[in-house]
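J.: next one to model:
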Amino acid sequence: MPVMTVNGKAYPVPAGIRLSEALAQTPVSTAWPCGGLGRCGKCRVTAFGALSEPDGQEKAFLSEEERQIVLLHAVSGMKHRELSELLELPLSTVLSKYARALAKLKKALTSHSKEVTDHA
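T.: As a prediction, this is how the structure comes out:
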(Lines give C-alpha, C1' and ligand atoms only; values in the text may rest on other atoms or scores of the structure.)
Protein backbone atom coordinates (compact mmCIF):
# COMPACT_ATOMS: atom_id res chain seq x y z
CA MET A 1 0.00 0.00 0.00
CA PRO A 2 1.35 3.47 -0.85
CA VAL A 3 2.44 5.73 1.98
CA MET A 4 1.78 9.46 2.21
CA THR A 5 4.10 11.51 4.41
CA VAL A 6 2.72 14.72 5.87
CA ASN A 7 4.85 16.88 8.14
CA GLY A 8 7.23 13.99 8.72
CA LYS A 9 4.55 11.43 9.68
CA ALA A 10 3.72 8.51 7.37
CA TYR A 11 0.15 7.43 6.64
CA PRO A 12 -0.77 4.36 4.54
CA VAL A 13 -3.30 5.25 1.83
CA PRO A 14 -5.09 3.19 -0.80
CA ALA A 15 -3.79 3.58 -4.34
CA GLY A 16 -5.85 5.48 -6.87
CA ILE A 17 -7.64 7.95 -4.61
CA ARG A 18 -7.49 11.75 -4.73
CA LEU A 19 -5.14 13.59 -2.44
CA SER A 20 -8.13 15.19 -0.69
CA GLU A 21 -9.58 11.73 0.01
CA ALA A 22 -6.25 10.47 1.34
CA LEU A 23 -5.84 13.47 3.63
CA ALA A 24 -9.41 13.07 4.89
CA GLN A 25 -8.30 9.71 6.35
CA THR A 26 -5.65 11.46 8.49
CA PRO A 27 -5.79 14.00 11.33
CA VAL A 28 -4.29 16.61 8.97
CA SER A 29 -6.45 19.73 8.70
CA THR A 30 -6.87 21.06 5.16
CA ALA A 31 -8.90 23.66 3.29
CA TRP A 32 -9.98 22.76 -0.24
CA PRO A 33 -11.50 25.77 -2.06
CA CYS A 34 -11.94 23.64 -5.18
CA GLY A 35 -13.27 20.63 -3.28
CA GLY A 36 -10.01 18.73 -3.78
CA LEU A 37 -10.26 18.68 -7.58
CA GLY A 38 -6.82 20.26 -8.04
CA ARG A 39 -8.03 23.45 -9.70
CA CYS A 40 -7.41 26.20 -7.13
CA GLY A 41 -3.64 25.85 -6.79
CA LYS A 42 -3.75 26.13 -2.99
CA CYS A 43 -1.94 22.88 -2.29
CA ARG A 44 1.66 21.93 -3.04
CA VAL A 45 2.48 18.27 -3.51
CA THR A 46 5.74 16.47 -4.13
CA ALA A 47 5.35 12.92 -5.40
CA PHE A 48 8.09 10.36 -4.86
CA GLY A 49 8.32 6.83 -6.18
CA ALA A 50 6.87 5.21 -9.24
CA LEU A 51 4.05 6.85 -11.14
CA SER A 52 1.81 4.90 -13.45
CA GLU A 53 2.52 5.15 -17.16
CA PRO A 54 0.10 7.40 -19.04
CA ASP A 55 -2.69 5.47 -20.72
CA GLY A 56 -3.53 5.84 -24.43
CA GLN A 57 -5.95 8.72 -23.90
CA GLU A 58 -3.42 10.61 -21.77
CA LYS A 59 -0.66 10.03 -24.33
CA ALA A 60 -2.87 11.38 -27.12
CA PHE A 61 -3.67 14.52 -25.13
CA LEU A 62 -0.17 16.06 -24.88
CA SER A 63 2.85 15.21 -26.96
CA GLU A 64 5.78 13.57 -25.18
CA GLU A 65 7.75 16.81 -25.46
CA GLU A 66 4.86 18.87 -24.04
CA ARG A 67 4.49 16.40 -21.15
CA GLN A 68 8.22 16.62 -20.42
CA ILE A 69 8.21 20.41 -20.43
CA VAL A 70 5.14 20.70 -18.18
CA LEU A 71 6.36 18.07 -15.71
CA LEU A 72 9.90 19.40 -15.52
CA HIS A 73 8.77 23.01 -15.10
CA ALA A 74 5.55 22.79 -13.10
CA VAL A 75 6.32 19.71 -11.03
CA SER A 76 10.11 19.66 -10.73
CA GLY A 77 10.55 23.43 -10.68
CA MET A 78 13.09 23.69 -13.48
CA LYS A 79 13.37 27.08 -15.14
CA HIS A 80 12.45 27.42 -18.81
CA ARG A 81 16.04 28.36 -19.64
CA GLU A 82 17.26 25.13 -17.95
CA LEU A 83 14.72 23.13 -19.96
CA SER A 84 15.93 24.79 -23.13
CA GLU A 85 19.47 23.61 -22.43
CA LEU A 86 18.43 20.14 -21.25
CA LEU A 87 16.15 19.45 -24.22
CA GLU A 88 18.43 21.25 -26.67
CA LEU A 89 15.60 23.47 -27.89
CA PRO A 90 15.48 27.24 -28.35
CA LEU A 91 14.03 29.04 -25.32
CA SER A 92 11.20 30.42 -27.49
CA THR A 93 10.22 26.87 -28.48
CA VAL A 94 10.14 25.71 -24.85
CA LEU A 95 8.00 28.73 -23.91
CA SER A 96 5.56 28.21 -26.79
CA LYS A 97 5.24 24.46 -26.14
CA TYR A 98 4.65 25.14 -22.44
CA ALA A 99 1.97 27.74 -23.20
CA ARG A 100 0.32 25.43 -25.75
CA ALA A 101 0.30 22.52 -23.29
CA LEU A 102 -1.23 24.69 -20.55
CA ALA A 103 -3.92 25.88 -22.96
CA LYS A 104 -4.75 22.24 -23.81
CA LEU A 105 -4.91 21.34 -20.11
CA LYS A 106 -7.11 24.34 -19.32
CA LYS A 107 -9.49 23.46 -22.15
CA ALA A 108 -9.71 19.85 -20.95
CA LEU A 109 -10.33 20.86 -17.34
CA THR A 110 -12.96 23.39 -18.39
CA SER A 111 -14.83 20.86 -20.53
CA HIS A 112 -14.52 18.20 -17.79
CA SER A 113 -15.88 20.69 -15.24
CA LYS A 114 -18.82 21.43 -17.53
CA GLU A 115 -19.52 17.69 -17.96
CA VAL A 116 -19.50 17.18 -14.18
CA THR A 117 -21.81 20.17 -13.66
CA ASP A 118 -24.20 18.98 -16.39
CA HIS A 119 -24.44 15.51 -14.79
CA ALA A 120 -25.08 16.87 -11.28
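J.: can we go C-alpha only for contacts and neighbour counts from here?
T.: Noted.
J.: can you get me a residue count around H80?
T.: As a burial measure, H80 scores 19 neighbours (other C-alpha atoms under 10 Å).
J.: no no, A101
T.: Using other C-alpha under 10 Å, A101 has 20 other residues around it.
J.: now do the SS call for the spatially closest residue to it that is not a sequence neighbour.
T.: Excluding its sequence neighbours, the residue lying closest to A101 (C-alpha to C-alpha, 6 or more residues apart in numbering) is E66, at 5.9 Å. State at E66, reduced to three classes by DSSP: H, G, I helix; E, B strand; the rest coil: helix.
J.: quick check: pLDDT value at the residue positioned nearest the centre of the chain.
T.: Of all residues in the chain, the one closest to the mean position by C-alpha atoms, centre = their mean is V75, 7.1 Å from it. Confidence per residue is given as pLDDT, and for V75 that number is 77.
J.: and it, how far is that from E66?
T.: When distance is defined by C-alpha to C-alpha, to the nearest Å, V75 is 13 Å away from E66.
J.: now K59
T.: Distance from K59 to E66, by C-alpha to C-alpha: 10 Å.
J.: more neighbours, the two?
T.: For K59 and E66, the more surrounded residue by other C-alpha under 10 Å is E66, and the numbers stand at 19 against 12.
J.: I'd say that one and A99 touch.
T.: No: under the criterion of C-alpha atoms under 8 Å, E66 makes no contact with A99, lying 9.4 Å away.
J.: where does pLDDT dip in the protein?
T.: 29-52, 54, 111-120 (pLDDT under 70).
J.: now do 90
T.: Per-residue confidence of the chain (counting by pLDDT under 90) places the weak regions at 1-64, 67-68, 70-78, 86, 104-120.
J.: if anything else comes up later, I'll come back, but that's it for now.
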